[in-house]
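Chemist: quick one: sequence and predicted model below, then my questions.
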Amino acid sequence: MAEHIGLRLRQLRKSAGLTQEQLAERADVSVDVIARLEQRRKHSARLPTLHALAHGIGVEVTALMGDPPGIQANGSADPPQLVAVRRAIMPPLIGMPPEPADAGNLSLASVREELGEGWTLYHSAAFEDLMTVLPGTITNARLLASVGTADQRAAGQAALGKALQLGGHLAIRLGKSDLALTSLERAYTAAGESSDPLLAPMISNSVAWAYQRQNRLDDATGLAVYAADGVERDRIESTEQLRVWGGLIMSAATSAARSGDYTQADTMMTTAEKATENLAKLPPPEDGRMVSVFNRSSVRIERVRLAVQHGRPEEAIGLAKGMRLSQDTPPSWRTWLLLDVARAYTDVGNAESAVKTLESLRRMAPGWMRHHTLAVAIVTDLWNRPNHPPGLRSLARFLGVAE
């Protein structure tokens, strides 16, 4: 069972040597909210509140959010798979770097296929499997970036940048933000020496996400807007360009919302959603797995999430109703949508619809759900209410909320 957010809040506050009153003053959050969370009378909080509390304590917001871990954190040393990922991202400073397993059959096409499969694993939340294969992909790409003609090396740098970007995303999901930024910084360097002009703005989007996780919201917004302006300045004439630009606009909107400016965020999201209409007018990308996730479904999913996080459950339910997900919407986005809709139904008092939504989520991603704090918080909220709809007891037992 995932740890209650109030327990983490209390532990982090005490470690920082703060009283509830001092934290309330630093975070500009009422003492009552802090007390109710720590006493487990309140099971969740709006995301801007969590950002404010994290800022007041001086920790990353993920320390409070309790994202589903890709690996189980038990206080022991990093598992061998993660050590291998670290070594691939940061080869030894002295001595021989890791060597490809089968250098004789190495080619740009094979590494690109490895990258596509790696991103598929990532979007399916198969982090254990990804940790196993990613070190080899990074090592192979690093070799391609160092041999051959200038054009071949530039293509190899593009593959290396994409592999290190994937390493950064994986590290974020594992709660290793410093490793993530190291990987992304190296990815950005590779992008500058690559043959792909869109790689740098795509990696900028990833860095902005890492900044969001560290509560560096102004840095995240500024970076996303800057990169989006650069893509737009070069004229958007391809699906790849539009998807990268759209992903950056969504990122900037998310950062703005978490900074408390929901109106600006909603304007950005509306602009992004309208821009998805142009996707049908452009040829599809060569490999959609290698480009930012951006379509009408992804924008709508993010709008639902922001509405829920900012206390607008009716708006979230309205945005989600009748939504037809695009075929290329990754499983990770689908699971988030179900969780956010369940939260919205819970907030408006529709327990039956909340349970049905959670049952769909359990069928789709049981392991992901079991370790997610928000899923536990929703079921706990429902369990503490007088009327239990069919299916709630099974969910409560599954998540350890009830015996």
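Modeler: Right, received. Where do you want to start?

Chemist: got the domain ranges for this protein?
Modeler: 5-65, 73-196, 197-294, 326-403 (automatic domain parsing).

Chemist: tally of neighbours for L325?
Modeler: As a burial measure, L325 scores 15 neighbours (other CB atoms under 10 Å). C-betas here are computed from N, CA, C, even on glycine.

Chemist: ok, it to L338 distance?
Modeler: 11 Å (CB to CB, to the nearest Å).

Chemist: as a check, name the ranges of all strands in the stretch 1-150 of the chain.
Modeler: Under the criterion DSSP state E, counting those that start in this stretch, the stretch 1-150 of the chain carries no strands.

Chemist: circling back to that earlier point, least confident of the domains of the chain, on average?
Modeler: Lowest mean pLDDT within the domains of the chain: domain 5-65, at a mean of 80.

Chemist: chain center to that one, what's the gap?
Modeler: 22 Å (CA atoms, centre = their mean, to the nearest Å).

Chemist: again with stretch 355-369
Modeler: Distance of stretch 355-369 from its chain centroid, counting by CA atoms, centre = their mean, is 19 Å.

Chemist: can you list contacts of it?
Modeler: Residues from elsewhere that reach stretch 355-369 (CB atoms under 8 Å, 6 or more residues apart in numbering): 68, 125, 331, 334-335, 338-339, 341-342, 345, 375, 378-379, 382, 389-392, 395, 398-399.

Chemist: one more: stretch 322-341?
Modeler: 122-125, 288, 293, 295-298, 300-301, 304-305, 308, 316-317, 320, 357-358, 360-361, 364-365, 368-369, 372, 374-375, 378.

Chemist: among the residues you listed, which are in helices?
Modeler: 122-123, 296-298, 300-301, 304-305, 308, 316-317, 320, 357-358, 360-361, 364, 368-369, 374-375, 378 (DSSP state H).

Chemist: these, buried ones only, as a PyMOL selection?
Modeler: Per 16 or more other CB atoms under 10 Å, the buried members of the ones in helices among the contacts of stretch 322-341 correspond to this PyMOL selection:
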select buried, resi 122+123+296+297+298+300+301+304+305+308+316+317+320+357+358+361+368+369+374+375+378
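
Chemist: I'd like the domains of the chain as JSON lines, with distance to R312 appended.
Modeler: Formatted as JSON lines, those follow (distance: least, CB to CB, whole Å):
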{"stretch": "domain 5-65", "distance to R312": "10"}
{"stretch": "domain 73-196", "distance to R312": "27"}
{"stretch": "domain 197-294", "distance to R312": "8"}
{"stretch": "domain 326-403", "distance to R312": "9"}
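
Chemist: from D28, how far out is the residue lying closest to T19 once chain neighbours are set aside?
Modeler: Once flanking residues are discounted, T19 sits nearest to R13: 8.0 Å by CB to CB, 6 or more residues apart in numbering. Using CB to CB, R13 is found at 15 Å from D28.

Chemist: these two - which one has more neighbours?
Modeler: Neighbour totals were compared for R13 and D28, and R13 leads with 20 against 11 (other CB under 10 Å).

Chemist: please state the offset of stretch 84-94 from the chain centre?
Modeler: Mean C-alpha position of stretch 84-94 versus that of the full chain (CA atoms, centre = their mean) differs by 24 Å.

Chemist: give me the neighbour count for P389.
Modeler: By other CB under 10 Å, 15 other residues sit near P389.

Chemist: and the closest residue to A16 other than its chain neighbours, what does it touch?
Modeler: Counting by CB to CB, 6+ apart, the nearest residue to A16 once its immediate chain neighbours are dropped is I57, at 5.0 Å. With contact taken as CB under 8 Å, 6+ apart, I57 is in contact with 12-13, 16, 18, 23, 26-27, 63.

Chemist: distance of I57 from Q22?
Modeler: 10 Å.
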